[in-house]
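Engineer: Sequence and computational prediction follow.
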Amino acid sequence: MVTLENEKLEGFFNDENNPIKDINEETIINMIKDRNVDFEKAYYSLTCESCGGEKVENERAYKFLEYHFYIYTKDGKYVTNSLAVEEEGKSFNRLQREGLVDNSYIVSIIVCAGCGAFNIEIEEFEI
């Protein structure tokens, strides 16, 4: 199980072209904090800035863990996320038809498998 500790946050990157106005790293961490989410193994050619990374034997890749979910907005402001929507039995399309949301973003949380340092990246995602 992955635990996100505030002091290990390396970076928070909100979409460059169309950032969500009322979101920060605390909000993102709280969205998954009490949920049983499964981080998947990922491999990157870049090392962890904190520890240098855990290199995969005989490869030029470094071990990370990552998790993705979606954020839904209305007029650039946070409304809900895919984790909450699934619990309610709704979908982005249904919320959009009801006029509750008008845009979606993918949130990527990338964690170093070696030391737990992590980045949060938010990018606009067209459905």
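Structural biologist: Noted; the coordinates are in hand.

Engineer: And the longest helix along the chain, what does it pack against?
Structural biologist: Using DSSP state H to define each element, the chain has its longest helix at helix 25-33. Helices and strands touching helix 25-33, by 3 or more C-beta pairs under 8 Å, 6 or more residues apart in numbering; DSSP states H and E, are strand 9-13, strand 62-74, helix 82-88, strand 103-112, strand 118-124. Every C-beta, even on glycine, is put in place using the N, C-alpha and C of the backbone.

Engineer: and that helix with strand 9-13, angle?
Structural biologist: Computed by axes from the mean of the first three to the mean of the last three C-alpha atoms, to 10 degrees, the angle separating helix 25-33 from strand 9-13 equals 100 degrees.

Engineer: Mind listing what's buried along helix 25-33?
Structural biologist: Across helix 25-33, burial judged by 16 or more other C-beta atoms under 10 Å covers Glu25, Ile28, Ile29, Met31, Ile32.

Engineer: Just the C-alpha atoms of the following helix or strand past that helix, please, in CSV.
Structural biologist: The C-terminal neighbour of helix 25-33 among helices and strands, as given by DSSP states H and E, is strand 40-44. C-alpha atoms of strand 40-44 as CSV (Å, rounded to 0.1, in the frame of the first residue of the first chain):
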residue,chain,number,x,y,z
GLU,A,40,0.5,0.1,-10.7
LYS,A,41,4.2,-0.5,-11.4
ALA,A,42,5.7,1.9,-13.9
TYR,A,43,9.1,2.4,-15.4
TYR,A,44,10.7,5.6,-16.5
